[in-house]
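Participant: coordinates only, sequence not included:
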């Protein structure tokens, strides 16, 4: 190959391809810088809206990879590569992956909804998805809870969003519902007075709303009193347990019985 042929080859192939490669690298480099700037701006705007950090991080990651994919396609197109088939291939692969990961995508969508609308947050005591416990972590696909006996439960977000959610920590106060039964032979007024004294003596009982102590039912085996004081949410269980114990002790001291279910059977003897 003589000098003129080499020069012609360089002019026909090397220089055009060199320019294309340089332009493709420039597009890729500038595109990465632009993508990084866009992702930082979007992340800043999301944080200014007090959006959860988990969701901010996840959405920023998705945005980064989507924009980088466009940058890569633009760079390959600059090299003269037909990107139509590549886009079609990526679309088909995305559809196949979406169908195979249908349940995971459902959990993902539910996780995004949980993070955006925040029906509960870390530290709340909730009942959701067939589990009850304190929320430790809310991720994109699952929510981790700790039960009252210190077991860790990992619940799919789809199961949580697909059912009822009871958040026991959402309100600062709760009503403690208790029922105490006495015998039909016991002194009704004395029992009610004792219940009022027990509730009034407990500092955890809130003055507003006022506690309710009322005769609720004339049951088969007992006369049932409804005792419904209000307390701070963190005092709920302590007040429930302590009041139950105190009522039993005070009723025993006063000679008031708490009857157990019983049935009287009358037998007629015929001669």
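Facilitator: Now that the structure is in, tell me what you want to look at. Computed from a predicted model, the values in this text were never measured in an experiment.
Participant: can you list the weak-confidence ranges in the chain?
Facilitator: Applying pLDDT under 70 to the chain flags residues 1-17, 52-55, 58, 81-104, 261-271.
Participant: Distance from the chain centre to stretch 153-170, please.
Facilitator: 5 Å (CA atoms, centre = their mean, to the nearest Å).
Participant: what sits up against that stretch?
Facilitator: Here stretch 153-170 makes contact (CB atoms under 8 Å, 6 or more residues apart in numbering) with 103, 106-111, 113-114, 119-120, 123-131, 133, 140-147, 174, 233, 236. To be clear about C-beta, it is placed using only N, CA and C from the backbone, and glycine gets the same treatment.
Participant: Ok, stretch 120-135 next?
Facilitator: For stretch 120-135, contacts defined as CB under 8 Å, 6+ apart pick out 114, 136-138, 143-148, 151, 153, 155-156, 159-160, 162-170.
Participant: what about it, start to end distance?
Facilitator: End-to-end distance of stretch 120-135 (CA to CA, to the nearest Å): 8 Å.
Participant: Next: stretch 157-165.
Facilitator: First-to-last distance for stretch 157-165 - CA to CA - comes to 12 Å.
Participant: coming back round to it: which ones among the contacts of stretch 153-170 are found in helices?
Facilitator: Among these, the members found in helices (DSSP state H) are 103, 106, 107, 108, 109, 110, 111, 113, 114, 236.
Participant: Could you dump the residues you listed into CSV and include neighbour count?
Facilitator: Listed next are the ones in helices among the contacts of stretch 153-170 as CSV, based on neighbours: other CB atoms under 10 Å:
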residue, neighbour count
103, 11
106, 17
107, 23
108, 17
109, 14
110, 22
111, 24
113, 14
114, 24
236, 18
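Participant: Tabulate the residues you listed (CSV), appending distance to residue 35.
Facilitator: Formatted as CSV, the ones in helices among the contacts of stretch 153-170 follow (distance: CB to CB, whole Å):
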residue, distance to residue 35
103, 31
106, 29
107, 28
108, 23
109, 25
110, 29
111, 25
113, 27
114, 28
236, 50
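Participant: Could I have the buried ones of the contacts of stretch 120-135 as ChimeraX selection syntax?
Facilitator: Remark: buried members of these, expressed as a ChimeraX selection using 16 or more other CB atoms under 10 Å:
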select :114,138,143,144,145,153,155,156,159,160,169
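Participant: Which of the contacts of stretch 120-135 fall within strands?
Facilitator: 136-138, 143-146, 153, 155-156, 165-167 (DSSP state E).
Participant: Would you reformat those residues as JSON lines and include distance to residue 27?
Facilitator: Putting the ones in strands among the contacts of stretch 120-135 into JSON lines (distance: CB to CB, whole Å) gives the following:
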{"residue": "136", "distance to residue 27": "45"}
{"residue": "137", "distance to residue 27": "40"}
{"residue": "138", "distance to residue 27": "39"}
{"residue": "143", "distance to residue 27": "42"}
{"residue": "144", "distance to residue 27": "43"}
{"residue": "145", "distance to residue 27": "48"}
{"residue": "146", "distance to residue 27": "50"}
{"residue": "153", "distance to residue 27": "49"}
{"residue": "155", "distance to residue 27": "45"}
{"residue": "156", "distance to residue 27": "41"}
{"residue": "165", "distance to residue 27": "48"}
{"residue": "166", "distance to residue 27": "54"}
{"residue": "167", "distance to residue 27": "50"}
